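J.: quick one, structure for this:
(one chain, ligands or ions: 1)
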Amino acid sequence: MKLGKIKKYVNEGNRISVDYENGKANVYLVTDEIVRFEIPCWMENYASVAIEGSKEKPCNYKVYDIDNVICIENQNMKVKISDDFFTEILDAEGKKILSDYRGERIIQRTLSDKSKKELAAEGHDVSNLEAHNYKVQIIKEIGEGDCFYGLGDKTGYLNKRDYAFENWNSDIPQIHNENMPAIYKSIPFMIGKTCDAVYGLFFDNTFHSYMDFGKENSNYFYYGADDGNLNYYFLYGKKMTDIIREYTYLTGRTGLPQLWTLGYHQCRWGYESADDIRAVAKGMRDNRIPCESVQYDIDYMDGYRVFTWDDEKYGKPGDLISELEKDGFKAVVIIDPATKKEDGYFMYDEGVSKGYFATNPDGSIYVNKVWPGDATFPDFGREEVRRWWADSHKILTDMGVKAIWNDMNEPASFEGPLPEDTVFEINGRITDHREFHNVYGHFEGIATYEGMKKLTGKRPLVITRACYSGSQKYCAVWTGDNQSIWAHLRMLIPQLCNLGMSGFSLAGTDIGGFGADTNKELLCRWIEAAVFSPFFRNHSAKGSKAQEPWKFDEQVMDIYRKHVELRYTFLPYIYDLFYQGLETGLPVMRPLVLHYEDDVNTYNLNDEFLVGENVLVSPVVEQGATKKLVYLPRGTWYDYFTGQAYEGMQYIVKDAPLDVCPIFIREGSIIPTYEVVQYVGEKTYDRLILVTTPGDASYDHFQDNGEDYQFEEGKYNLYRFTKTEDEKLVTELIHEGYKKYEKIDIRRL
Ligand code: MIG
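T.: Model (predicted):
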């Protein structure tokens with residue numbers, strides 16, 4: 001993609017179009033902080049899937065050229081564009097933030113032809129010994145010590161430096177290793193941190209893409225894609241929190257969840273009848289472990305036909321749901337996109353007659369095998385298909401279903417991947433699987449969200465496995481089929497933190513591990529590490545060891561109960577973080593580097609995290625460990641359980657026997673908490689308990705009905721609590737529109 005020399009440029013509105021010898025490029029000033037770079041080598045006027053509507057704001061900037069370099073300058077930065085669309089971005093003081101790499105890609109390894117042959121002969125992959133240049137590609141310089149964050153659900157560590165990844169939504173039932181190129185989601189957004197700057201890059205292209213952060217060569221990082229335009233956004237910011245705010249300004253923010261969805265959920269692929277579900281629900285209540293749902297995996301369906309119910313094993317549709325609802329359980333059911341190919345099955349018949357399924361190039365319906373056997377794939381890129389799918393959820397909501405769990409939407413298929421030329425549509429434009437694959441789950445998510453919103457009037461919970469940037473507007477996510485191994489317990493922290501920094505605030509892992517057998521110690525440590533996982537669900541696979549908390553011993557049950565109760569205690573704090581996120585885009589679970597980016601000790605901190613700004617959690621994630629090395633950043637931190645104070649900017653060794661997950665509260669905190677209930681809705685929350693630590697503090701707390709959209713019409717309360725050095729607490733109601741608490745108490749740490 002060598003564009004050659006600049007011939008001329010035109011500045012119109014927010015766009016600077018550059019004519020090169022061999023093509024053209026555009027630079028768009030989206031806002032004063034966001035600049036978009038585009039080479040429309042594939043399509044002019046590409047409409048983003050991730051970004052809905054225009055995000056352009058009036059911008060103040062000037063454009064001029066010196067020695068054939070185009071300079072675009074505003075209050076924040078200076079963008080220099082040269083021949084070959086070589087770009088350089090400087091801050092207002094002229095310090096370089098990010099620059100394209102001038103050289104070629106060179107793999108830093110040497111291998112003689114002889115060795116290459118020998119390796120190949122033994123079956124090793126030698127295809128990656130030479131740099132493969134992609135149709136769309138951009139290479140940027142790396143500085144020593146640069147760190148990279150974001151990228152959604154990728155495996156491995158918090159900092160992606162020295163690793164390479166791909167974006168191609170993949171169903172991976174095998175162990176998710178740290179060097180795996182891709183799992184279920186494609187979120188081509190990264191935050192770069194240099195020694196004196198931070199920035200964001202969002203590569204908005206849905207084709208199979210590749211990102212390498214210095215693994216190939218420590219002098220550069222690159223982005224490549226198999227097709228599409230070169231189309232990326234540079235996000236300027238003084239702090240990482242600015243970058244996240246801007247990224248979520250572009251691609252949207254996680255909506256306010258219903259309060260109950262933030263409670264505890266129990267699941268297992270292996271509850272095979274109404275009695276199984278009933279027994280688990282009873283187990284939760286009998287053992288006094290708070291719980292909102294016992295989720296229905298694929299066995300509830302009649303022969304895995306979506307939108308049906310197996311009444312032989314699960315009773316009359318609706319009966320079990322309403323029986324359990326009396327005890328506070330909300331029904332959450334799984335839906336797969338693959339629709340059984342079977343004449344006489346209403347979804348198939350309707351889909352065929354209306355032409356709703358993806359086709360082969362010759363127009364025949366594309367078929368592959370998934371759970372129901374031969375199956376077809378709804379083309380969710382079309383609005384009428386989404387509407388059909390959305391409306392089909394009435395069958396479920398009529399039974400009392402409250403939330404939907406979308407699985408297998410990479411899309412997964414048992415007989416090999418869908419061919420590249422399978423035909424889909426994106427809002428009226430015909431395309432193929434190569435472009436559509438990574439947004440299949442995204443569009444299914446929109447359909448499901450719209451359906452549930454219309455049918456229930458409540459804020460939908462749609463839990464999805466596959467998605468793309470921007471899906472956070474519609475979906476919660478879980479990280480798919482992890483395993484009951486310590487490596488996956490450890491990975492929970494960087495994975496959920498990076499999802500959070502990529503806009504996906506409502507995320508969780510399968511607590512206890514999905515595949516393989518969990519054990520007592522692992523399950524205890526997992527529930528501890530997951531207490532603040534925004535989506536909070538224990539799930540396991542058929543054939544694995546049962547992992548409901550009472551399947552072990554009294555000690556496990558006590559530890560489990562203690563931590564689920566802790567979750568319910570902190571519910572209003574977590575809910576507030578979602579409320580604040582509507583404005584800031586910031587996630588609930590955050591790596592320390594997000595708030596302490598000048599502290600090098602936080603750059604690679606993989607085993608602790610913050611919840612909001614005021615709670616620091618440092619779980620034990622090593623088998624056998626009963627002490628934890630905790631890093632505390634600047635300030636004073638208070639042990640949540642004992643109140644003991646610790647000075648920050650140091651590592652401490654904390655005792656953490658099996659029943660303890662070290663939690664610290666920052667000085668000057670006011671944390672809203674509730675009394676424990678067995679499920680949200682068991683009683684009204686009329687008492688708020690503020691946990692406080694010494695020091696000046698101010699905190700805004702949001703309260704509404706926790707369910708629907710009435711808060712958007714002002715039906716909510718916003719309390720402002722202020723505390724000064726003399727430790728007196730002042731309460732103001734800065735917005736009143738909902739029934740107030742009867743009591744507000746204080747618990748001083
Ligand atoms: O290939 O529906 O990730 O959570 O329990 C298995 C059965 C299909 C994969 C999901 C998992 C779910 C399971 N599904």
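
J.: so what are the domain limits for this structure?
T.: By the assignment in automatic domain parsing, the chain contains the domains 6-251, 589-666, 673-748.

J.: nearest to the ligand, of those domains?
T.: domain 6-251 (6.1 Å; Cβ to the nearest ligand atom). Quick note: C-beta positions are derived from backbone N, CA and C, even for glycine.

J.: mean confidence (pLDDT) on the closest one, please.
T.: The average pLDDT for domain 6-251 rounds to 96.

J.: ok, now which ones touch Gly255?
T.: By Cβ atoms under 8 Å, 6 or more residues apart in numbering, Gly255 lies in contact with 459, 473, 582.

J.: list just the nearest of these to Leu98.
T.: Nearest to Leu98 among the contacts of Gly255: Lys473, at 27.7 Å, using Cβ to Cβ.

J.: what's the burial count for that closest one?
T.: A count of nearby residues for Lys473, using other Cβ atoms under 10 Å, gives 18.

J.: I figured it hits Thr254, correct?
T.: Yes: counting by Cβ atoms under 8 Å, Lys473 does reach Thr254; the two are 7.5 Å apart.

J.: ok, residues contacting stretch 546-559?
T.: Applying Cβ under 8 Å, 6+ apart, the contact partners of stretch 546-559 are 266, 268, 280, 283, 287, 289, 484, 512-513, 518, 520, 523-524, 527-528, 538, 540, 545, 560-561, 658-659.

J.: report whether that stretch contacts the ligand.
T.: No: for stretch 546-559 and the ligand, the contact criterion (Cβ under 6 Å from any ligand atom) is not met; the two come no nearer than 12.9 Å.

J.: and the pLDDT for Leu729?
T.: For Leu729, the pLDDT comes out at 93.

J.: got a list of what Ala466 touches?
T.: Counting by Cβ under 8 Å, 6+ apart, Ala466 touches 169, 184-185, 409-411, 440-442.

J.: just the residues you listed now: which is nearest Ala225?
T.: Closest approach between the contacts of Ala466 and Ala225, by Cβ to Cβ: Asn169, at 14.5 Å.

J.: kindly report the residues of the stretch 301-450 of the chain close to the ligand.
T.: The stretch 301-450 of the chain has residues 334, 407 near the ligand, with proximity defined as Cβ under 6 Å from any ligand atom.

J.: ok, Arg465 touching Pro411?
T.: No: taking Cβ under 8 Å as the definition, Arg465 is not a contact partner of Pro411, at 10.3 Å.

J.: for stretch 127-134, buried residues please.
T.: Residues of stretch 127-134 classed as buried by neighbour count (16 or more other Cβ atoms under 10 Å): 131, 134.

J.: check stretch 657-669 too.
T.: Within stretch 657-669, the residues that qualify as buried are 658, 660-669, counting by 16+ other Cβ under 10 Å.

J.: reformat the residues you listed as CSV; add pLDDT, secondary structure and distance to the ligand.
T.: Output for these, formatted as CSV (pLDDT from 0 to 100; DSSP: H, G, I helix; E, B strand; the rest coil; distance: Cβ to the nearest ligand atom, whole Å):
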residue, pLDDT, secondary structure, distance to the ligand
Leu658, 98, coil, 27
Val660, 98, coil, 30
Cys661, 98, coil, 25
Pro662, 98, coil, 30
Ile663, 98, strand, 29
Phe664, 98, strand, 33
Ile665, 98, strand, 34
Arg666, 98, strand, 36
Glu667, 97, coil, 41
Gly668, 96, coil, 41
Ser669, 98, coil, 36
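
J.: among these, which two are most distant?
T.: Leu658 and Gly668 (31.9 Å).

J.: and the contacts of Gly255, which of them are in helices?
T.: Among these, the members found in helices (DSSP state H) are Leu582.

J.: between the contacts of Gly255, which is nearest Leu571?
T.: So of these, ranked by how close each gets to Leu571 (Cβ to Cβ), first place is Arg459, at 15.6 Å.

J.: residues in contact with the closest one?
T.: Residues counted as contacts of Arg459 (Cβ under 8 Å, 6+ apart) are 255-258, 453, 707-709.

J.: next one: Gly400
T.: Counting by Cβ under 8 Å, 6+ apart, Gly400 makes contact with 318, 321-322, 325, 331.

J.: just want the most central residue of the chain.
T.: Closest to where the C-alpha atoms of the chain average out (Cα atoms, centre = their mean) is Phe504, at 3.2 Å.

J.: for Asp362, see how far away it is.
T.: 38 Å (Cβ to Cβ, to the nearest Å).

J.: just Ile16 next, same as before
T.: Going from Ile16 to Asp362 by Cβ to Cβ gives 44 Å.

J.: show me which of those two is the more surrounded one.
T.: Remark: of Ile16 and Asp362, Ile16 carries more neighbours, 21 against 6, as counted by other Cβ under 10 Å.

J.: compute the number of surrounding residues for the closest residue to Asn76 other than its chain neighbours.
T.: Spatial nearest neighbour of Asn76, chain neighbours left out: Tyr236 (5.1 Å); criterion: Cβ to Cβ, 6 or more residues apart in numbering. Tyr236: 25 surrounding residues under other Cβ under 10 Å.

J.: identify the residues contacting Tyr236.
T.: Tyr236 makes contacts with 33-35, 76-77, 89, 97, 199, 242, 246, as judged by Cβ under 8 Å, 6+ apart.

J.: what is the end-to-end distance of stretch 172-181?
T.: In stretch 172-181, first residue to last residue: 11 Å (Cα to Cα, to the nearest Å).

J.: and the contacts of it?
T.: Residues from elsewhere that reach stretch 172-181 (Cβ under 8 Å, 6+ apart): 154-157, 163-166, 168, 183-184, 479-483, 485, 487-488, 491, 515.

J.: skip the chain neighbours and tell me the closest residue to the residue nearest to the centre of the chain.
T.: Gln472 (4.9 Å).

J.: would you mind measuring from that neighbour to the ligand?
T.: 19 Å (Cβ to the nearest ligand atom, to the nearest Å).

J.: ok so, going back, redo the contacts of Arg459 as CSV? Include distance to Tyr304 and pLDDT.
T.: Compiled in CSV, the contacts of Arg459 are given as follows (distance: Cβ to Cβ, whole Å; pLDDT from 0 to 100):
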residue, distance to Tyr304, pLDDT
Gly255, 30, 98
Leu256, 33, 98
Pro257, 29, 98
Gln258, 28, 98
Lys453, 26, 98
Glu707, 31, 98
Asp708, 32, 98
Tyr709, 34, 98
